[in-house]
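Peer 1: Can you look at this prediction? I've put the sequence above it.
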Amino acid sequence: MRVVGRVLIVEDNRALLRTLEGALRGRFDEVRTCQTLDEVARLVAHWTPELMILDFQLPDGDACAVLDLAALREPAPVVVAVSGAASAADSFALAQRGVRAFVPKPLTLAKLDQVLELALSSAPPLEPHLRQAVGHHGLAAVTEAVRSTMLDEALARSAGNRRGAARTLGTSRQLLQYLLRQR
């Protein structure tokens, strides 16, 4: 399971926000909260969450705008979406943008814990993204993009430590150094 310390809860319902914050404070090192897209933009400009619990509908935007901001951060946070208003199409769109799990409202803390365990212990499927690349990118280009993304992400998760990045990738430090020299 991925070790997480920094959590961002994005929820416009103040009561639910406080409940989620209280439930997660004892489990994670640092829990921050936002109620609007504007607050998220200001926060992630200088702080990178490792896990994001994200309400789909916000007063000044939606989860897609927040995901655009999160995509600029390294390492990319694990995202769990929460909503009482998202349609099946919205849920599908969120999954295509990397959201690991979706929890419908009203939610229970037990259900949220279950979903967080699953989201933090499993990687998102690559197949949908790779299928979309067919016909648009050649095999060599996709292979290089995957390799480059995995190297960057592993280095970001290990704070630049090559030994830690190699361990994250399940490879030797020598192979990691070779791949980095090839870029």
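Peer 2: Perfect, I can see it now. Numbers count the residues shown, from 1 in each chain.

Peer 1: who touches Leu130 in this structure?
Peer 2: With contacts defined as Cβ atoms under 8 Å, 6 or more residues apart in numbering, Leu130 is in contact with Val142. (Glycine included, C-beta is placed from N, CA and C.)

Peer 1: For it, which three-state class applies?
Peer 2: helix (DSSP: H, G, I helix; E, B strand; the rest coil).

Peer 1: so where is this protein shaky, pLDDT-wise?
Peer 2: 1-2, 128 (pLDDT under 70).

Peer 1: Please repeat the previous calculation with a cut-off of 80.
Peer 2: The model of the chain has pLDDT under 80 over residues 1-3, 62, 69-76, 84-88, 90-98, 123-129, 131-133.

Peer 1: Pick out the residue closest to the middle of it.
Peer 2: Val78 (2.5 Å; Cα atoms, centre = their mean).

Peer 1: Dig out what it forms beta bridges with.
Peer 2: Beta-bridge partners of Val78, counted by DSSP bridges, are Leu51.

Peer 1: Could you pull up the residues touching it?
Peer 2: Arg2, Val4, Glu50, Leu51, Met52, Arg100, Ala119, Leu120.

Peer 1: just those residues now: which is nearest Val142?
Peer 2: Arg100 (22.0 Å; Cβ to Cβ).

Peer 1: So the closest one sits against Glu117, correct?
Peer 2: No. Counting by Cβ atoms under 8 Å, Arg100 stays clear of Glu117, with 11.2 Å between them.

Peer 1: That concludes my questions; thank you for your assistance.
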